[in-house]
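Undergrad: Provide a 3D model corresponding to the input given below.
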Amino acid sequence: MADPGKAFRTRRLSRAGDGRHLFVPLDHSVSDGPVVPNEEWDELIRSVVLGGADAIIVHKGRMRAIDPALLEDCALVVHLSAGTSHAADQHAKVLVGDVEDALRLGADAVSVHVNVGSDTEAKQLADLGTVASQCQVWNVPLIAMAYARGPRMESSFDPTVLSHVVNIAADLGADIVKTSMALPAERMAEVTASCPIPVLVAGGPAADTDPDGSGLVDYARTALDAGCAGLAVGRRIFTSPTPRSLMNKLAAVLHPAQAAAQLLETA
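TA: All right, here's what the predicted structure looks like:
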């Protein structure tokens, strides 16, 4: 039987309890710069949570800018890897925290980034293994953000390569893995079928031609049809002019039973 502590934390990662996940990574302030102006931070978190996010993903220091009351119905994932767009090697990631740091902040889970095919792949794999061992000690769910990125990758979206990437994450101890959508998208089913743990797809870059978010909603449906357990989408949420509305639409796709129940309550 799974440890009750880990079972409780894992349950927190799916508000509807249906095993599907809508995560919103907001760790971009380390890699690329501010997500939103500081005075808009609370409103962004409020919009994301009220819109139906299952979890937000942030770095440990960013927790100081979040009102704990905003996360009563939303899980917290602390991201333990970092690297910036200004580095000589933009694919390099290093650990900047550990599981105990995350638990002291009240985290429900932690995440680690790995770029398979990068020059520092070996170190990143070792870091993932180290954090996985810490998670076993503390019974904390581990999310691997695993990608095919670097000079040794001809394509970051090849389904055969992505199948390898997600299985690396599973074999090294991750409980959930986030990766890129395969191209063509229908071949993502090969990736999910190969993997023993839930697979989430990244949301990709912001889409200037999709102001109402309809393309992202269709993308979510495609991911679920391919066997994905959900989405981890950040940039396309926090750059949206209406993040709460877009989150509502995504949550309705990922958690249709919960959405139907909420409609009945308000009828």
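Undergrad: quick one, what contacts the nearest residue to T160 once chain neighbours are set aside?
TA: Take T160 and drop its neighbours on the chain: the residue closest to it by C-beta to C-beta, 6 or more residues apart in numbering is E190, 7.8 Å away. C-beta here means a position set from N, CA and C on the backbone, and glycine is covered the same way. Contacts for E190 (C-beta atoms under 8 Å, 6 or more residues apart in numbering) come out as 159-160, 163, 182.
Undergrad: what of A257?
TA: By C-beta under 8 Å, 6+ apart, the contact list for A257 reads 16, 18.
Undergrad: re the thing from before, for the contacts of E190, pick the one with the most neighbours.
TA: Within those, most neighbours by other C-beta atoms under 10 Å means A182, with 24 neighbours.
Undergrad: wait, a strand at that residue?
TA: No - counting by DSSP: H, G, I helix; E, B strand; the rest coil, A182 is not part of a strand but coil.
Undergrad: okay but A229 is in contact with H21, surely?
TA: Yes - if you go by C-beta atoms under 8 Å, A229 and H21 touch, sitting 5.8 Å apart.
Undergrad: could you point out the helix or strand that follows the helix or strand hosting T192?
TA: T192 is located in helix 188-194, with elements delineated by DSSP states H and E. Next in sequence after helix 188-194, counting helices and strands by DSSP H and E, comes strand 199-202.
Undergrad: other residues contacting that following strand?
TA: 21, 23, 145, 147, 166, 176-181, 188, 191-192, 223, 227-233.
Undergrad: one step back: and A229 and H21? Which one has more around it.
TA: With neighbours defined as other C-beta under 10 Å, A229 and H21 compare such that H21 has more, 25 against 21.
Undergrad: dig out what the closest residue to that one other than its chain neighbours forms beta bridges with.
TA: Computed as C-beta to C-beta, 6+ apart, the closest residue to H21 that is not its neighbour in sequence is G230, at 3.6 Å. Beta bridges link G230 to H21, L200 when assigned by DSSP bridges.
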